[in-house]
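In: fold the following and give me the result.
(one chain, ligands or ions: 1)
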Amino acid sequence: MDIIIGADHGGFDLKEACRTHLEGIASIEAVRDVGVFGPASSNYPDIAHQVARAVAQARYGQGILICGTGIGMSLVANRYKGVRACLCHNLFTARLSRQHNDANILVMGGRVIGPGLALEMVDIFLTTPFDGGRHEQRINQIDGR
Ligand code: RB5
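Out: Below is the predicted model:
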């Protein structure tokens, strides 16, 4: 499994913690970090477009986006067909984003949650399967199918 991750300055510290965590997971072959690479002010759409485009084109199966609140990243990423970027705040929403929404991008707010919780959410995002069934039909309805 390969994963792509990115953040703006509001999510920079949490992105660094997540990337280090991901690099320690044996089942992940490659972690692609598209930045930002420092705390200087940056524009979240630049990063969200890179991650969402890569997931929409199936170059990466899963992605993680982090900004200050997670809201800006969500707004941009969900403009891409086939991307289901889910802004999660706790273990429950991280789990349900996979089980019910088949999330392919986990979005978090670096100014909202701390690293301890975030890393557990990442683990849940990576390991929880989609429930399918009635939820499959609902996923298809997102694109009007
Ligand atoms: C940056 O100040 C902040 O606006 C950004 O990280 C994000 O929270 C936007 O939604």
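In: what residues does this protein have near the ligand?
Out: Counting by Cβ under 6 Å from any ligand atom, the residues of the chain close to the ligand are D8, G10, Y44, C67, G68, T69, I71, G72. No exception for glycine: its C-beta is placed from N, CA and C like everyone else's.
In: give me that answer again for 8 Å
Out: In this structure, the chain approaches the ligand at residues 8-11, 41, 44, 67-73, 75, 109-111, judged by Cβ under 8 Å from any ligand atom.
In: can you flag the buried ones in those residues?
Out: 8-11, 44, 67-70, 72-73, 75, 109-110 (16 or more other Cβ atoms under 10 Å).
In: what's the closest non-adjacent residue to F125?
Out: Using Cβ to Cβ, 6 or more residues apart in numbering and skipping residues adjacent in sequence, the residue nearest F125 is L106, 4.3 Å away.
In: give me phi/psi at the one you found?
Out: Main-chain dihedrals, L106, degrees, to the nearest 10: phi -90, psi 130.
In: which residues does it contact?
Out: For L106, the contacting residues are Q62, G63, I64, L65, A85, C86, C88, A94, S97, M121, V122, F125, by Cβ atoms under 8 Å, 6 or more residues apart in numbering.
In: again, only using 10 Å
Out: By Cβ atoms under 10 Å, 6 or more residues apart in numbering, the contact set of L106 is 3, 5, 18, 62-66, 70, 85-88, 93-94, 97-98, 118, 121-122, 124-126.
In: for the helix or strand harbouring E16, buried residues please.
Out: When secondary structure is defined by DSSP states H and E, E16 falls within helix 12-23. Of all the residues in helix 12-23, those buried under the rule 16+ other Cβ under 10 Å are F12, L14, K15, E16, A17, C18, R19, H21, L22.
In: now the strands: where do they sit in the chain?
Out: 2-7, 30-33, 62-67, 85-87, 105-109 (DSSP state E).
In: how far off centre is the third one?
Out: Read that as strand 62-67. 3 Å (Cα atoms, centre = their mean, to the nearest Å).
In: the bottom helix or strand of this protein by mean pLDDT?
Out: Taking mean pLDDT, DSSP states H and E as the measure, the helices and strands of the chain show their lowest mean at helix 134-142, namely a mean of 95.
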